[in-house]
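I would like to see how this sequence folds:
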Amino acid sequence: MLSLDDGDGFLHYEIAMSNGDAAAALDFYGYDDQFRDFGEQLKNFPLTGKSTVRLQIGENSPKWAYYMLLEVFCYQPNGASAILVDIKNHLEAPYSCDCRFYMLTNPAELNRLGSLLSGWDPREKSVLNWPNSNQTED
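You can find the predicted model right below:
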């Protein structure tokens, strides 16, 4: 989270993700519980071998300022998991961003992320780092 907005309850978030080869970042506005439902779903991921958990912010349309899709799924029967990261900022060139990549992970790390997100209060702790969540800052 970057800052509080002007009294309307929105927070200014910045999310940055990387798989080591590709990276993307997005600034957007949302409420303090923006990630709570996503986190609750991740705490028990996967429920089945075909489980999918999604978080979408904005719309994949030029009518919106931004779009982010995080889609978590298993790609192996042993539970090996991935996160599809799809981010667009819908700005004009040369400021536009259109990035899609996958982050490989496992259910235990996703469960940990779910616990972090479902209990996160960005008004109390402004930064949440995952998988190195022990490095959170105020």
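
By residue count, tell me the biggest helix in this protein.
Ordering each helix of the chain by length in residues (DSSP state H) puts helix 107-118 first.

quick one: pLDDT of residue 8?
pLDDT for residue 8: 72.

Let's verify it: helix, strand, or coil?
Under DSSP: H, G, I helix; E, B strand; the rest coil, residue 8 falls in the coil class.

So it versus residue 43, what's the distance?
Distance of residue 8 to residue 43, given as Cβ to Cβ, to the nearest Å: 30 Å. All C-beta atoms are positioned from the backbone trio N, CA, C, and that covers glycine.

Counting neighbours, go ahead and name the busier of these two.
When residue 8 is set against residue 43 and neighbours are counted by other Cβ atoms under 10 Å, the residue ahead is residue 43, at 16 against 8.

Please enumerate the helices of the protein.
Counting by DSSP H, residue ranges of the helices within the chain are 36-43, 107-118.
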